[in-house]
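Student: predicted model and sequence follow; I will ask about them next.
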Amino acid sequence: GQNIDQPTEMTATEGAIVQINCTYQTSGFNGLFWYQQHAGEAPTFLSYNVLDGLEEKGRFSSFLSRSKGYSYLLLKELQMKDSASYLCAVRGEYNQGGKLIFGQGTELSVKP
Amino acid sequence: GAVVSQHPSRVICKSGTSVKIECRSLDFQATTMFWYRQFPKQSLMLMATSNEGSKATYEQGVEKDKFLINHASLTLSTLTVTSAHPEDSSFYICSAMGGDYNEQFFGPGTRLTVL
């Protein structure tokens, strides 16, 4: 079966660092994505990992360990506008046509 | 990044009517489009995968006769919700994938309310 777990909610302070974890158990693996979604809007792409290690992009970094079925998204220098839902998504085997399986999302609240 | 549009952005209809939602890739050719549904406070649930010129592949539990998908060209896919009921009220989001296998580009979503 397919299972992707994330914490439901997190709260952090403006200017701080927050780490959002994601664990997955899927029938195949061909990449892990992180998306940001503000209420009532479509998800926007943040990062993509297919090999183990850390990918850094500005204030956002994402880490992947395939052997542990684990990823995290790290947000530095938090801003109020970072308050949003963060979605972890796994792409299955290549022959599944690229479809993504999403976790339930982590609602992040950034407080002043 | 690539741009995907959806139309309409918001629709209210009466129970029993059908609603068509369009998804367009504006600046690239999308070999594959995906349709998702999202209920409040929940994540995206994949409904079906749509490939140009072939029948859509539906996820388990999604009624193909109720949610009709047509992918007539490399830039357009449509989702028709037939005989809509209040429980079909949701946020419907499409995404498109082109030659670059690494990323799906999401449309802005369509808010459907069935009275």
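Tutor: Cool, got the structure. On a predicted model such as this, the values are computed, not experimentally measured, just so you know.

Student: which secondary structure element is home to the residue lying closest to residue A:49 once chain neighbours are set aside?
Tutor: Nearest residue to residue A:49, sequence neighbours excluded (C-beta to C-beta, 6 or more residues apart in numbering or on different chains): residue A:64, at 3.7 Å. Bear in mind the C-beta positions are built from the backbone N, C-alpha and C, glycine included. Take DSSP states H and E as the rule and residue A:64 turns out to sit in strand A:60-65.

Student: tell me the confidence at the nearest residue to residue A:75 once chain neighbours are set aside?
Tutor: Distance criterion C-beta to C-beta, 6+ apart; nearest residue to residue A:75, sequence neighbours excluded, is residue A:18 at 5.2 Å. Looking at residue A:18, its pLDDT is 98.

Student: is it fair to say residue B:17 lies in a strand?
Tutor: No. Using DSSP: H, G, I helix; E, B strand; the rest coil, the assignment for residue B:17 is coil, not a strand.

Student: can you report how many residues lie near it?
Tutor: 12 (other C-beta atoms under 10 Å in any protein chain shown).

Student: quick one: contacts for it?
Tutor: Contact analysis of residue B:17 by C-beta atoms under 8 Å, 6 or more residues apart in numbering or on different chains lists B:83-84.

Student: if we can go back for a sec, wait, the residue nearest to residue A:49 sits on residue A:33?
Tutor: No. Using C-beta atoms under 8 Å, residue A:64 makes no contact with residue A:33, being 10.6 Å away.

Student: got the residues of chain B near chain A?
Tutor: By C-beta under 8 Å from any C-beta of the partner chain, the residues of chain B that approach chain A are B:1, B:32, B:34, B:42-46, B:49, B:51, B:57, B:91, B:93, B:97, B:101-109, B:111.

Student: circling back: and for the residue nearest to residue A:49, the neighbour number?
Tutor: By the criterion of other C-beta under 10 Å, residue A:64 has 22 neighbours.

Student: and the residues of chain B next to chain A, which of them are in helices?
Tutor: The helices, defined by DSSP state H, take in nothing from the residues of chain B next to chain A.

Student: gap between the residue positioned nearest the centre of chain B and residue A:65?
Tutor: In chain B, the C-alpha nearest the mean C-alpha coordinate belongs to residue B:35, at 3.6 Å (C-alpha atoms, centre = their mean). Distance, residue B:35 to residue A:65, by C-beta to C-beta, to the nearest Å: 32 Å.

Student: likewise residue A:78?
Tutor: From residue A:78 across to residue A:65, the span is 24 Å (C-beta to C-beta).

Student: again with residue B:111
Tutor: For residue B:111, the distance to residue A:65 equals 38 Å [C-beta to C-beta].

Student: contacting residues around residue A:47?
Tutor: Residues near residue A:47 by C-beta under 8 Å, 6+ apart: A:33-34, A:55, A:57, A:60-62, A:73.

Student: give me the nearest residue to whatever residue of chain B ends up closest to chain A, chain neighbours excluded.
Tutor: Here chain B gets closest to chain A at one residue, residue B:106, 4.1 Å apart by C-beta to the nearest C-beta. Spatially, and ignoring its direct neighbours in sequence, residue B:106 is nearest to residue A:42 (4.1 Å; C-beta to C-beta, 6+ apart).

Student: what's the answer for residue A:38, then?
Tutor: Once flanking residues are discounted, residue A:38 sits nearest to residue A:84: 4.9 Å by C-beta to C-beta, 6+ apart.
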